[in-house]
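Peer 1: structure for the following, please:
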Amino acid sequence: MKSFSVTEFRKRASEILTLVDRWRPLRSELSARLPCARPPKSTAWKSAKTSSFSTTSGPPDALSTFLVGNADGVIITPPQTEMARGKGFPVIIDFYEKGLKIIGPGTGVARAFVKKHPNTLKIFLMGYLDGLKRSLDDPAYAQKILSQTSKITDPKLLEDSYKDGIKVWNKDMTVDPQAIKLVLEQSTLPKVAELDPNRFFDNTLIREVNRDYASKLFPGEVR
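Peer 2: Numbering: from 1, shown residues only. From the prediction side, this is the model:
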C-alpha cells in the first residue's frame with residue numbers, strides 16, 4: 001500500500017539537509033514530498049535542535065497555519081499540496097517516487113470481528129473497489145466528489161489533486177509486511193521494533209476479494 005503527503009519548507013537551502021535528517025523518524029508514519037526551500041523573510045531555525053513539531057485537525061488547518069507564518073514547515077495531502085505548490089513551494093524530495101511504502105491512512109479491525117463477520121468485511125472491501133473503479137473510469141465524477149468534500153472549486157486544483165490521487169489508490173489491497181515493519185522500526189515505544197509485522201495484518205480476505213472481484217474489475221492488474 002502506498003500513500004504520500006507533501007512537506008513544504010520555507011527555510012533557506014543551507015538548512016534543508018539538517019531539516020531532512022530531523023524528519024527521518026517520521027517516515028514511518030508518512031511518505032512525504034519535501035519541496036525546495038526559498039529564502040524566508042527573516043532568519044529563523046538556527047538548528048534542528050531548536051525545532052519543534054505539532055499537529056492540527058487536518059490538512060486544511062495545517063496549511064492555514066503554515067501560510068500565516070505560524071509554522072516553518074507543513075505535512076499535507078492533496079488538494080492542499082497543490083494549493084501550497086501554487087503559492088511557490090516546490091518539491092525537494094518525493095518519497096513516493098523513491099518507492100517508500102507505508103500503511104496510511106489505514107483501516108483497522110479487531111481479529112475477533114474478522115472471524116465473526118468475514119462477509120461484512122469482504123463487502124466493505126468490494127465497496128471500496130467499486131468506488132475506485134468509478135473514480136478511475138470517470139475523472140469528472142471523482143473531481144466533483146472531491147470538490148464537495150474539500151469545498152474547493154478551482155478546476156485545475158481539482159484535476160491536479162486527482163492526478164496525485166490515482167498514483168496511490170490501491171487496486172491490489174494486499175498488505176506488504178515491509179510497510180508495517182518500517183513503522184515498528186521507527187517507533188519510540190520500548191521493544192516495538194522487535195515485534196513481528198505479521199502479527200498486525202491478515203491478507204486472507206484480501207486474497208479472496210482480489211481473486212473473486214478485483215481481478216474482474218482490473219483484469220491483468222490484480223490476481
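
Peer 1: tell me the secondary structure at Pro190.
Peer 2: Secondary structure state of Pro190, per DSSP: H, G, I helix; E, B strand; the rest coil, is coil.

Peer 1: now do it against Pro197, distance only.
Peer 2: Distance of Pro190 to Pro197, computed by C-beta to C-beta, to the nearest Å: 17 Å. All C-beta spots, glycine's among them, are computed from the backbone N, C-alpha and C.

Peer 1: give me the more crowded residue out of those two.
Peer 2: Each of Pro190 and Pro197 has its neighbours counted (other C-beta atoms under 10 Å); Pro197 has more, 17 against 7.

Peer 1: can you pull the contacts of the spatially closest residue to Ile166 that is not a sequence neighbour?
Peer 2: Spatially, and ignoring its direct neighbours in sequence, Ile166 is nearest to Leu136 (6.5 Å; C-beta to C-beta, 6 or more residues apart in numbering). Leu136 makes contact with Ala142, Ile166, Trp169, according to C-beta atoms under 8 Å, 6 or more residues apart in numbering.

Peer 1: host element of Leu136?
Peer 2: Assigned by DSSP states H and E, Leu136 belongs to helix 118-137.

Peer 1: for that helix, buried residues please.
Peer 2: Buried residues in helix 118-137, counting neighbours by 16 or more other C-beta atoms under 10 Å, are found at Leu121, Lys122, Leu125, Tyr128, Leu129, Leu132, Ser135, Leu136.

Peer 1: any idea which of those residues is the one closest to Ser215?
Peer 2: Distance ranking of the buried residues of helix 118-137 against Ser215, using C-beta to C-beta, places Leu129 first at 10.4 Å.

Peer 1: surely the closest one meets Ile206?
Peer 2: No - counting by C-beta atoms under 8 Å, Leu129 sits too far from Ile206 to count as a contact (10.8 Å).

Peer 1: between these two, which contacts overlap?
Peer 2: Met173.

Peer 1: mind listing the strands for the protein?
Peer 2: Using DSSP state E, the strands of the chain run over residues 5-9, 32-34, 73-76, 93-94.

Peer 1: tell me the mean pLDDT for stretch 120-134?
Peer 2: Across stretch 120-134, pLDDT averages out at 95.

Peer 1: residues in contact with the residue lying closest to Pro177 once chain neighbours are set aside?
Peer 2: Ranked by C-beta to C-beta, 6+ apart and with sequence neighbours excluded, the top spatial neighbour of Pro177 is Pro197, at 4.2 Å. Residues in contact with Pro197 (C-beta under 8 Å, 6+ apart) are Pro177, Gln178, Ile180, Lys181, Leu184.

Peer 1: show me the contacts for the first one.
Peer 2: Right, Pro177. Pro177 is in contact with Pro197, Asn198, Phe201, counting by C-beta under 8 Å, 6+ apart.
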